[in-house]
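In: Provided below are the primary sequence and the corresponding predicted coordinates.
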Amino acid sequence: MSSLLSNRLARRILRPAAALVDKRITRSASGLRKDLDALRREAKELRVQQTELRNQQAELRGQQYAVGLLFDRTGRSGHRVPTPAEINTLVREIAAVTGEDGGPARRNVTIAFRNVIALEALAVGRLAGSTSNICGKLATVPLLRPPNEDVLEIGTLHGLFAATLMRMLHRAGTEARLTVVDPLVGSQLQPGAGMGAEPTGTPVRMDVVRANLALGGRAGIEARVEQGFSGDPEIRAAVSDRKYGVIIVDGDHSAEGVLADLEWVEDIVAPGGIVVLDDFGDASWPGVKEAAEKHLATGTSRLELLGRVSTSAFLRARA
Ligand SMILES: C[S@@+](CC[C@H](N)C(=O)[O-])C[C@H]1O[C@@H](n2cnc3c(N)ncnc32)[C@H](O)[C@@H]1O
């Protein structure tokens, strides 16, 4: 090969080919330089985009934390972040119990949820129970069209559920007349059940109940608060002055306590009135379902089971 290159004739013959090779090498090198420059520009742009994404991610994490403070379980009975599946289940259950189609049920659940968030944020104390159960009760009662405006809640805790229900009924056109019964002894009483620490740290007291009822509009402000046990003769005498269109049974959760309340309810519920039995089928309170089944099995009850929404049973008094 070296002898071939040292040969002048051979060099002259090979020169055009060598020039061509040189030209191609120069052209490829300049192409590579251009590709390299483009890659460098692309890498720079990607670094800028990466920094922007990191900043956005940090901002979103900050926002998510703030949203979590509004909706998480701290200081109440559970988180307030229902999944789409949970809301869809509620809508189906409410539609089945009320006979309404899904439209009003979904509207009421959505409005109930907004009220729960707004009122619990402003309240002194909390609503009791899961988001599904609370929204289910709030959404269903107005759709069952109670026969009159008299509402009784047995077991009010901080009075916030009653206040929220007043708003839901008012939206549906009923400015209710409310009576609540609770011993209000400073903490939640549950005979036979070990109650954990109150998550809000707020006492169960008359002034607290009054502060929360005020969030329910005129019906809440003017509510009658009967301090005592639903089984007390003087409480029964005071409360039995009218027939109620809605009765929420949510006091003593033992089977004996619920049974006694249901027997009393038979006498004070208006024809066509709605009875809501809270925590029905809730594994934590087996006495509620046990008592309801026993009561309805007597065959003499005026109450008819309409169905269940989340962990509340809905009954209607026969005329
Ligand atoms: C589960 S909490 C009520 C929650 C409230 N209804 C709500 O939805 O936010 C039960 C309340 O009933 C009260 N209570 C217990 N035994 C009662 C009775 N025999 N009569 C009336 N209230 C009772 C408890 O002290 C407590 O305040």
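Out: Yes, it's here.
In: okay, CA-based contacts and neighbour counts for the rest of this
Out: Will do.
In: show me where this protein has its strands.
Out: 150-154, 177-182, 224-227, 244-249, 269-278, 303-309, 312-317 (DSSP state E).
In: contact residues of the stretch 101-250 of the chain facing the ligand?
Out: 127-128, 154-157, 160-161, 181-183, 188-190, 229-231, 250 (CA under 6 Å from any ligand atom).
In: can we see that at 8 Å?
Out: 126-129, 134, 153-162, 181-185, 187-191, 204, 228-231, 248-250 (CA under 8 Å from any ligand atom).
In: measure the residue nearest in space to the middle of the chain to residue 96 for me?
Out: When CA atoms, centre = their mean is applied to the chain, the residue found nearest the centroid is residue 131 (3.1 Å). The spacing between residue 131 and residue 96, counted by CA to CA, to the nearest Å, is 19 Å.
In: next one: residue 293
Out: Distance, residue 293 to residue 96, using CA to CA: 20 Å.
In: how is the chain divided into domains?
Out: The record's domain parsing of the chain by automatic domain parsing lists 2-69, 84-317.
In: return the most buried member of these.
Out: With neighbours taken as mean count of other CA atoms under 10 Å, the domains of the chain reach their highest mean count in domain 84-317, at a mean of 19.
In: quote the end-to-end distance of it.
Out: Across domain 84-317, first to last residue, CA to CA, it's 33 Å.
In: gap between stretch 264-279 and the chain center?
Out: Computed by CA atoms, centre = their mean, to the nearest Å, the separation of stretch 264-279 from the middle of its chain amounts to 25 Å.
In: using PDB, write out every CA atom in that stretch.
Out: The C-alpha coordinates for stretch 264-279 follow below in PDB (Å, rounded to 0.1, in the frame of the first residue of the first chain):
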ATOM      1  CA  TRP A 264     -91.800   6.400  72.300                       C
ATOM      2  CA  VAL A 265     -91.400   7.500  68.600                       C
ATOM      3  CA  GLU A 266     -94.500   5.500  67.700                       C
ATOM      4  CA  ASP A 267     -96.600   7.900  69.900                       C
ATOM      5  CA  ILE A 268     -95.100  11.200  68.700                       C
ATOM      6  CA  VAL A 269     -94.500  10.700  65.000                       C
ATOM      7  CA  ALA A 270     -97.100  12.400  62.700                       C
ATOM      8  CA  PRO A 271     -98.900  10.200  60.200                       C
ATOM      9  CA  GLY A 272     -96.600   9.900  57.200                       C
ATOM     10  CA  GLY A 273     -93.700  11.200  59.300                       C
ATOM     11  CA  ILE A 274     -90.100  10.200  58.700                       C
ATOM     12  CA  VAL A 275     -88.000   8.400  61.300                       C
ATOM     13  CA  VAL A 276     -84.200   8.300  60.700                       C
ATOM     14  CA  LEU A 277     -82.400   5.600  62.600                       C
ATOM     15  CA  ASP A 278     -78.800   6.600  62.700                       C
ATOM     16  CA  ASP A 279     -75.900   4.000  62.700                       C
END
